[in-house]
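Asker: When you get a sec, could you give me coordinates for this:
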Amino acid sequence: MNPKTKLAVLLIAPLLAVLLAPPSRAASACVTFEPPLLLGTVYGAPVGQVSGDLAFTSNGVSVYLKNFFLPGGGIAFNRAYIDFAPVAFSPGQSIRTNNINLVFDWSAVGFNVTQVKLSYLDLGGAENLAVNGSGVYVGDITAAPAFLGGAAIAVTQTPVPPPRSGKMGTVTVRGSSLRTLLIGGQELWIDSVCAQ
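Answerer: Numbers count the residues shown, from 1 in each chain. Model (predicted):
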């Protein structure tokens, strides 16, 4: 091979490798509460766990249990359990929180998380929400502040079909570096907690 041809190959080969490579997919880590998490599994006070305990790890995401902040003041620590929600708001199993918070920790997923989106079903009571260890918002999930812990919060809602009352929708959190998300409620189911 003459020197000009060799130089052309050396210059063009890396460009061709980039152009012919399959498209890259954005990194993601989702917790969907499907098997191997078993239907009916209980976490929290009924099984002897305390605030700060690790509940489980799924797809590299560690999920911890934390105290729930009550709307009138005070704290509670009850239970969360893998369930089929009484109203279809997402496919398959979900997790119900009853006066307990879950903390999703993305420190081991191997990429910088800039967005988290989850589905929820709210059949009453108050919710808690915090980002990156921020102060905890206590109130109705649909009235969550637009910014929390340095992140933007967007909540959608649709009424639950009769005869039940409540709402369902999504919570989307966006920020430059999301490390943890705390969420829980009194009659709150969540599913498809996906970080990107």
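
Asker: who does the helix or strand hosting Ser119 touch, helix- and strand-wise?
Answerer: Using DSSP states H and E, Ser119 maps to strand 115-122. If you count contacts as 3 or more Cβ pairs under 8 Å, 6 or more residues apart in numbering; DSSP states H and E, strand 115-122 packs onto strand 167-174, strand 180-185, strand 188-195. (Each C-beta comes from the backbone N, C-alpha and C, glycine too.)

Asker: if we look at that strand, which residues are touching it?
Answerer: Contacting residues not belonging to strand 115-122 are listed as 85, 87, 89-90, 94, 104, 140-142, 160, 166-174, 178, 181, 183, 185, 187-196 [Cβ atoms under 8 Å, 6 or more residues apart in numbering].

Asker: any idea how far the residue nearest to Ser94 when sequence neighbours are not counted lies from Leu70?
Answerer: Excluding the flanking residues, the one nearest Ser94 by Cβ to Cβ, 6 or more residues apart in numbering is Asp191, at 3.9 Å. Distance, Asp191 to Leu70, by Cβ to Cβ, to the nearest Å: 24 Å.

Asker: Tell me which of these two has more neighbours.
Answerer: Higher neighbour count among Asp191 and Leu70: Asp191, with 23 against 15, using other Cβ atoms under 10 Å.

Asker: So that one is in contact with Leu37, correct?
Answerer: No - assessed by Cβ atoms under 8 Å, Asp191 is found out of contact with Leu37, at 11.4 Å.

Asker: what is in contact with these two at once?
Answerer: Between them, Asp191 and Leu37 share these contacting residues under Cβ under 8 Å, 6+ apart: Gln93.

Asker: Which stretches in this structure count as helices?
Answerer: With helices called from DSSP state H, the chain shows them at 3-20.

Asker: mind showing which ranges of this structure have poor pLDDT?
Answerer: 1-26 (pLDDT under 70).

Asker: rewinding a little: and the direction of the strand holding Ser119 versus that of strand 188-195, what angle?
Answerer: If you take axes from the mean of the first three to the mean of the last three Cα atoms, to 10 degrees, strand 115-122 sits at 170 degrees to strand 188-195.

Asker: one step back: nearest to Ile100, of the helices and strands packed on strand 115-122?
Answerer: Ile100 lies closest to strand 180-185 among the helices and strands packed on strand 115-122, at 5.4 Å (Cβ to Cβ).

Asker: Let me see the contact set for the residue lying closest to Ser51 once chain neighbours are set aside.
Answerer: Nearest residue to Ser51, sequence neighbours excluded (Cβ to Cβ, 6+ apart): Asn67, at 4.5 Å. Listed by Cβ under 8 Å, 6+ apart, the contact set of Asn67 reads Ser51, Ile75, Ala76, Phe77, Ile100, Asn101.
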